[in-house]
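Engineer: just a sequence and a predicted model for now, questions to come.
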Amino acid sequence: MADKIPLKNVRNIGIIAHIDAGKTTTTERILYYAGVIHKMGTVDEGTAVMDWMEQEQERGITITSANTTCFWKDCKINIIDTPGHVDFTVEVERSLKVLDGAIVVFCATSGVQPQSETVWRQADRYQVPRIAFINKMDRLGASFENVLGQLYDRLGAHAAAVQFPVGAEDDFSGIVDIITEKLVTYEDKEGAKPKHQDVPEELKAQLAEYKHKLLEKVAEVDDQLMEKYLEDHAVSPQELKDAIRRAVINNAFIPVLCGTALRNKGVQMVLDAACDYLPSPLDVPPIVGKEPKTGKEISYQAKESEKLAALAFKIAMDPYVGKLFFTRIYSGTIVSGTQIYNSTREVKEKISKIVVMHSNKQEIVTEAGPGEIVALVGLKETKSGDSLCDQSGPILIENMRIPEPVISMAVEPMTKADQDKMGLTLRKFLDEDPSFRARFDEETGETVISGMGELHLEIIVDRMRREFGLETKVGRPQVAYKETITQKASGITGKHISQSGGRGQYGHVIIDIEPQEEKGKGITFIDKIKGGAIPREYIKSVEKGINSAAANGILGGYPVDDVIVTLVDGSYHEVDSSELAFHLAAKNAFQEGMRKGRSVFLEPVMDIEVVVPEDFMGSVIGDLNTRRAKIVEMGNRGILKTARCEVPLAEMFNYAGAIRSLSQGRATFSMEPAYYAEVPSHVAEKIQGKNSAK
């Protein structure tokens with residue numbers, strides 16, 4: 001199958017957006033028009049192909065990114081439909097890491113929402129070329145111009161419309177293609193027979209204005225078009241398309257399309273745009289990685305003749321074949337039944353099967369080459385984010401950025417007999433989801449799971465029950481606090497000396513400890529030992545001791561963050577010094593440093609946007625003020641009012657119920673982690689009080 005399609009005609013794309021913008025419905029329509037499915041499902045009825053998990057069908061949201069493949073014109077399109085809910089942001093992160101292009105979906109009524117900004121920033125970070133699709137043009141309050149304005153103002157996008165809608169809301173009747181200057185209308189309910197006709201007289205002035213803006217924006221970033229534009233030469237539709245393609249691939253321009261996926265209008269034009277403008281694996285820069293032994297930078301071209309470079313970006317459990325390792329192949333070929341090398345873990349792995357995924361259905365293939373996204377079966381040691389390659393030319397590809405969990409919850413099995421089963425089950429989830437954490441709290445004897453939000457943990461507990469038959473008791477969700485210091489402390493001494501007959505223990509270190517200026521950097525260890533005051537072989541133990549102490553702060557046992565520890569001096573004993581002694585000495589010094597550096601709690605602060613009818617705005621803002629909210633921005637969205645705030649997560653539990661009762665169920669909100677901030681002293685006292693009560 002792979003050999004029939006030339007690489008220049010392959011597209012690896014993702015569909016990304018804020019929750020409820022219509023990603024899954026758009027994907028569903030794409031598959032229908034591409035002939036992959038013969039009946040269109042809907043998210044509301046739980047019949048969408050891409051939402052195949054029971055939880056997704058019940059809740060009407062996407063939880064895991066689903067892969068599928070379809071063919072359009074002469075292109076093969078590998079699509080990943082990603083979740084929009086912030087609790088599953090790691091799914092978007094790892095999908096963008098391996099994609100060549102993205103379709104960003106916006107709701108024509110809600111416009112650019114907080115999670116739209118997050119996925120946009122994620123796409124910026126991985127430099128993913130994208131096209132924008134303004135969906136739901138048939139909804140009440142839909143405004144193409146408004147959303148286009150928000151793309152400039154909120155996202156700073158260098159964008160222009162390549163289509164514009166005829167009418168909006170109930171009057172939305174067609175789409176004008178600005179490049180070909182044709183009006184597209186739909187004669188059938190399924191939208192399978194688009195009709196192309198000349199633009200009527202009354203729309204020509206609007207078309208001329210949009211075309212002028214489009215030419216201007218593309219000419220700004222494409223030299224070839226700039227020449228023609230300045231010399232007033234006519235630009236043919238094909239020349240304009242070629243210029244847009246060059247600008248999109250260079251990440252310098254965003255073409256904007258419109259339509260309504262639910263009412264089957266405009267989706268084929270999105271597919272056309274994906275083929276016309278988004279890059280093939282040949283158009284993106286070669287994969288860059290490091291040579292494991294030397295750390296030297298190396299790169300491989302997207303060719304079958306090159307050595308293998310691939311990234312296992314996701315692991316999923318399949319009830320029939322076991323673990324599926326979703327893998328993007330950048331160069332070289334993977335053949336079923338052969339061995340490959342995992343350079344991250346330094347182990348050889350055998351591939352028993354290669355499958356091409358269509359949502360949760362599989363098609364077995366014997367080999368896969370560059371540009372392919374496949375699922376491998378049979379790997380034993382591989383984890384999410386590992387590099388796979390040839391042992392003769394090992395390469396380490398940079399891993400993706402994994403967000404820190406913000407919420408924790410205690411879980412315990414209903415019966416003692418299930419204790420071991422829970423350990424195995426949690427290990428499967430840890431393999432599958434890098435944003436999920438689990439640890440055993442020795443003080444309370446509880447297993448604590450941590451994740452990106454209440455929904456994230458709720459789904460994990462639900463999956464434990466459904467997929468593994470494991471009933472659990474769960475505690476109340478707790479905020480994942482951290483600790484840090486607020487001032488520098490120098491010359492902190494840590495000693496571990498014991499003499500209890502026989503060989504003694506001697507370790508002595510002196511450290512400086514200071515707050516990290518750049519937030520979210522964790523613990524930085526700097527070794528400044530000179531003249532062998534501490535032998536080289538013990539330095540590693542000192543670092544391990546500091547990291548071990550940093551796992552539990554001194555105020556409430558929360559992990560320590562944003563601290564620089566510098567090892568400046570110390571001493572050792574020829575006979576009594578050992579790795580353990582230095583490990584314990586470093587631990588003591590770190591704890592003393594936390595005390596002298598005035599340790600404080602940090603709490604996760606959320607970025608929240610509420611959308612409220614004007615009548616209820618006062619009471620919603622009043623309630624947010626009682627939750628320690630800081631109002632960042634107020635605005636309007638059609639007839640509704642919006643407020644953007646920063647609120648500590650601790651104050652936001654059960655907010656959905658509160659905002660519903662304050663607004664008679666008419667207000668909506670969305671929330672995502674923003675940053676960690678110092679906890680006010682009166683709240684810190686309460687946290688300490690709770691911990692000592694435990």
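Structural biologist: The structure has been received and is ready for your questions.
Engineer: then whichever helix or strand A219 is part of to CSV, C-alphas only?
Structural biologist: Assigned by DSSP states H and E, A219 falls within helix 204-221. Taking C-alpha atoms only, helix 204-221 is exported to CSV below (Å, rounded to 0.1, in the frame of the first residue of the first chain):
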residue,chain,number,x,y,z
LYS,A,204,-18.5,40.7,-6.4
ALA,A,205,-17.5,43.8,-4.4
GLN,A,206,-17.1,41.6,-1.3
LEU,A,207,-15.0,39.1,-3.3
ALA,A,208,-12.8,41.9,-4.7
GLU,A,209,-12.1,43.2,-1.2
TYR,A,210,-11.3,39.7,0.2
LYS,A,211,-9.1,38.9,-2.9
HIS,A,212,-7.1,42.1,-2.4
LYS,A,213,-6.5,41.3,1.3
LEU,A,214,-5.4,37.7,0.4
LEU,A,215,-3.0,38.8,-2.3
GLU,A,216,-1.5,41.5,0.0
LYS,A,217,-1.0,39.0,2.9
VAL,A,218,0.6,36.3,0.8
ALA,A,219,2.8,38.8,-1.1
GLU,A,220,4.2,40.0,2.2
VAL,A,221,5.7,36.5,2.9
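Engineer: so which elements touch the very next helix or strand once past it?
Structural biologist: Sequence order places helix 223-230 as the next helix or strand after helix 204-221, per DSSP H and E. Applying 3 or more Cβ pairs under 8 Å, 6 or more residues apart in numbering; DSSP states H and E, one finds that helix 223-230 contacts helix 204-221, helix 237-249. Heads up, the C-betas are built off the backbone N, CA and C, glycines and all.
Engineer: helix 223-230 versus helix 204-221: what angle between them?
Structural biologist: Going by axes from the mean of the first three to the mean of the last three Cα atoms, to 10 degrees, helix 223-230 is angled at 130 degrees with respect to helix 204-221.
Engineer: rewinding a little: nearest to D386, of the helices and strands packed on helix 223-230?
Structural biologist: helix 237-249 (28.6 Å; Cβ to Cβ).
Engineer: restricting to C-alpha, output the very next helix or strand once past that closest one in CSV.
Structural biologist: Per DSSP H and E, the first helix or strand lying C-terminal to helix 237-249 is strand 254-258. What follows is strand 254-258 as a C-alpha-only set of coordinates in CSV (Å, rounded to 0.1, in the frame of the first residue of the first chain):
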residue,chain,number,x,y,z
ILE,A,254,-2.5,30.6,7.5
PRO,A,255,-5.3,30.2,4.9
VAL,A,256,-8.8,30.5,6.5
LEU,A,257,-11.7,28.4,5.4
CYS,A,258,-15.3,28.2,6.5
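Engineer: average pLDDT across strand 254-258?
Structural biologist: For strand 254-258, mean pLDDT is 96.
Engineer: pick the most deeply packed of the helices and strands packed on helix 223-230.
Structural biologist: Highest mean neighbour count among those (mean count of other Cβ atoms under 10 Å): helix 237-249, with a mean of 19.
Engineer: other SSEs contacting that helix?
Structural biologist: Using 3+ Cβ pairs under 8 Å, 6+ apart: helix 237-249 touches helix 204-221, helix 223-230, strand 254-258, helix 267-277.
Engineer: E190: neighbour count?
Structural biologist: 12 (other Cβ atoms under 10 Å).
Engineer: er, N12 actually
Structural biologist: N12 is flanked by 25 other residues according to other Cβ under 10 Å.
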